[in-house]
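Asker: Generate a structure from the sequence data that follows.
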Amino acid sequence: VSTQSTGSSGINAEYGGCFLTFSVVAADILYQSSHQDSDNSKMPEPNGCQHHLPAEKDEMLPMSDDGGIRGSPVRLRQQTKCWCLNRERQGKMGWYKDFKDFSDGTTAHGVKYIFHPSVHGSFKIVRIMFLLVWLTAVMYSLFVIYSAVNNYVGKPTGTKFQVIASAPEVEKPVSVVFPTISVCSHNVISKSYFGANDNLEDLWRELDQWDPDAAAQIDFTEKSAAGQYANWTMEKIISEGGPGNWSFLQCEQFIKLCEEVIPQPDFYERETTMSGNCFRINPNGKLKGKGGDYGKMQLMFFADLNEYSELTRREPQYGYTVVFHDHESYSSTIPSGFWMSPGAIYKVDLSLTQEYREPPPAGTCDDTRVNNTYGRYEENSCIAQCRDDALMEKCGCVHIAPPHPLNDPHKVYRSCTLQEWAQCGLRAYKDWVVKYSDVTLVKTDCNCPATCMEKQYKAQMSSSTLSKFYAEEKSAKLPPGYSSSQDVLENLLIIDILFTSMQVSEIREIVTYGWGNFLGDVGGVLGLFLGASMFTILEFLEFFVLSVWKACCGLPKHPLTSTHNHL
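Answerer: Predicted coordinates:
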């Protein structure tokens with residue numbers, strides 16, 4: 001539409017600012033009128049208007065020969081007023097008409113029943129009922145979608161139990177790997193070792209009180225009683241003062257001796273821990289067997305009560321602590337174990353369970369941690385390394401050096417000397433224990449998430465006292481210093497270990513609400529209450545984008561508006 005001036009100075013002065021508005025108004029009126037249905041075309045004109053809006057797309061405004069608008073200034077004012085009022089009316093009706101047109105073609109059910117009375121008659125009450133039902137369905141759908149989003153973001157997990165048992169006979173396991181069995185004597189330092197080293201028992205008794213203030217007062221000068229042991233390490237004393245190898249009498253697996261099946265060092269090795277110098281049997285996991293009595297392993301130990309020191313004899317229990325674990329872990333990191341007293345035979349029924357946990361974002365395990373200074377990464381081994389790191393930071397040494405120090409090349413772990421332990425290590429260790437065991441702390445210095453895969457050997461144990469007839473038979477084969485059947489009943493410990501089944505149980509942590517559950521809930525509520533699908537969502541997005549584009553930037557250049565290219 002041309003907006004050239006008519007040459008009249010009065011018109012230019014009074015209406016010059018309106019001509020540009022008129023052009024935009026005329027274009028908008030032509031666009032809107034071409035889309036109005038019969039109901040909108042019959043709407044009354046604003047009061048005082050003598051010229052209605054063009055109803056046809058080809059109808060143009062009256063123009064003069066020189067390109068201006070024909071008519072007097074009063075007539076132009078009246079026409080401009082009508083056009084401006086009609087433009088306001090068209091703007092108010094635009095959202096209604098656009099949504100009505102959208103309801104004609106959308107795949108969502110129920111929307112057209114609100115805007116088209118021809119579908120169900122002209123009763124407004126019916127349309128209102130459909131509107132209320134539709135709004136209720138929309139609100140409930142939004143609530144379900146909101147709940148589904150919260151569940152998906154929260155990533156709830158659950159556990160699933162299953163037993164590995166392949167159907168084909170050839171794929172069933174033919175053997176099961178025995179665990180590593182750690183056996184630690186309660187007699188940490190023998191009586192004879194204290195006797196061979198004067199004043200060492202008194203020094204050890206003071207350190208064993210776990211009193212940092214009293215330990216710090218120990219005199220380690222050269223001429224003092226403790227001075228000769230100032231540079232002895234805790235690890236040296238425990239490894240040398242523990243029970244001898246001879247106290248491990250026998251390891252037998254279904255008639256054959258263990259050393260005949262696998263030679264040393266694969267048969268057993270020694271492990272120095274804070275609990276003593278332990279026997280680590282089947283350290284590399286090479287001993288295998290069948291389920292039941294056909295693969296039974298039998299261990300025999302001699303407690304040697306004559307070598308119990310005064311420090312050990314004051315304890316209420318005596319005998320051994322026995323731990324069953326995977327060969328890649330160590331007993332020093334496992335807080336649980338079984339106390340077994342001499343004079344009895346114990347029957348241990350084992351079953352192997354593997355636990356699998358979900359890494360983030362669904363779970364909390366850390367699949368990036370594989371090894372640490374205590375072998376394979378586990379939560380307990382991480383805590384043990386955290387304790388050692390705290391001691392290294394404050395004292396530059398630890399109680400007992402970890403078995404795999406090279407797994408952390410940034411630190412050089414070494415066992416504290418008795419002087420270092422008395423003056424620094426004992427206090428640092430006690431402070432760490434107090435802080436870590438404080439249940440009021442939300443977070444500790446140890447960042448030790450659970451491992452994503454963990455093997456657990458679960459044991460069920462029963463016991464019986466040794467027969468006096470068996471004791472009389474064994475009394476002839478006792479070590480020096482022992483000769484009676486009573487000595488057998490007081491010192492001999494027998495452990496029978498077997499697997500009740502060759503099957504491996506699995507416990508898996510699984511995501512109970514994943515992407516599939518989320519799509520199922522959202523798609524189900526949209527389909528049931530609104531008849532909507534993925535394409536309906538795309539339709540609503542398109543409608544929303546075009547509506548915002550139209551409101552903010554004018555008419556969109558869209559294929560749907562191709563019939564108005566004449567503008």
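Asker: remind me which residues of the stretch 151-300 of the chain are low pLDDT?
Answerer: For the stretch 151-300 of the chain, the stretches with pLDDT under 70 are 157-173, 264-265.
Asker: For it, which segments count as strands?
Answerer: Along the stretch 151-300 of the chain, counting by DSSP state E, counting those that start in this stretch, strands occupy 157-164, 176-177, 180-185, 248-253, 256-257, 268-273, 276-281, 288-289, 297-302.
Asker: just the stretch 301-450 of the chain next, same as before
Answerer: 320-325, 338-340, 344-356, 371-372, 375-376.
Asker: With distance to Ile494 and mean neighbour count as added columns, please give the ones you listed in a markdown table.
Answerer: All C-beta atoms are positioned from the backbone trio N, CA, C, and that covers glycine. Compiled in a markdown table, those are given as follows (distance: least, CB to CB, whole Å; neighbours: other CB atoms under 10 Å):
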| stretch | distance to Ile494 | mean neighbour count |
| --- | --- | --- |
| strand 320-325 | 12 | 23 |
| strand 338-340 | 10 | 16 |
| strand 344-356 | 4 | 18 |
| strand 371-372 | 35 | 17 |
| strand 375-376 | 29 | 20 |
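Asker: mind giving me TSV with those and columns for mean pLDDT and distance to Gln250?
Answerer: Listed next are these as TSV, based on pLDDT from 0 to 100; distance: least, CB to CB, whole Å:
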stretch	mean pLDDT	distance to Gln250
strand 320-325	94	15
strand 338-340	93	16
strand 344-356	92	13
strand 371-372	92	34
strand 375-376	90	27
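Asker: and the ones you listed as TSV, adding distance to Leu519?
Answerer: Below are the strands of the stretch 301-450 of the chain laid out as TSV (distance: least, CB to CB, whole Å):
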stretch	distance to Leu519
strand 320-325	43
strand 338-340	50
strand 344-356	25
strand 371-372	40
strand 375-376	38
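Asker: of all the strands of the stretch 151-300 of the chain, which lies closest to Tyr429?
Answerer: Of all the strands of the stretch 151-300 of the chain, strand 268-273 sits nearest to Tyr429, with 14.4 Å by CB to CB.
Asker: Spatially nearest residue to Ser309 (excluding sequence neighbours)?
Answerer: Distance criterion CB to CB, 6 or more residues apart in numbering; nearest residue to Ser309, sequence neighbours excluded, is Lys191 at 4.6 Å.
Asker: Kindly reformat the strands of the stretch 151-300 of the chain as CSV and extend each row with mean neighbour count and distance to Asn197.
Answerer: CSV is the format used below for these (neighbours: other CB atoms under 10 Å; distance: least, CB to CB, whole Å):
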stretch, mean neighbour count, distance to Asn197
strand 157-164, 11, 53
strand 176-177, 20, 42
strand 180-185, 25, 19
strand 248-253, 18, 24
strand 256-257, 10, 35
strand 268-273, 20, 18
strand 276-281, 24, 16
strand 288-289, 18, 43
strand 297-302, 21, 24
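Asker: so Tyr356 touches Ile507, yeah?
Answerer: Yes. Using CB atoms under 8 Å, Tyr356 is in contact with Ile507, at 7.2 Å.
Asker: can you pull the pLDDT of Val433?
Answerer: Per-residue confidence (pLDDT) for Val433: 92.
Asker: Which one of the strands of the stretch 301-450 of the chain lies nearest to Asn517?
Answerer: strand 344-356 (20.2 Å).
Asker: For the closest one, give me every contacting residue.
Answerer: 176-177, 179, 324, 338, 340, 452-466, 493-501, 504-509 (CB atoms under 8 Å, 6 or more residues apart in numbering).
Asker: Then stretch 421-429?
Answerer: In contact with stretch 421-429 (CB under 8 Å, 6+ apart) are residues 207, 210, 212, 215-216, 218, 220, 234, 387, 390-391, 394-395, 397-399, 416.
Asker: Next, Ser501: secondary structure please.
Answerer: Following DSSP: H, G, I helix; E, B strand; the rest coil, the label given to Ser501 is coil.
Asker: Number of residues surrounding it?
Answerer: 15 (other CB atoms under 10 Å).
Asker: before we move on, what about the one 4 residues further on?
Answerer: Residues near Ser505, counting by other CB under 10 Å, number 16.
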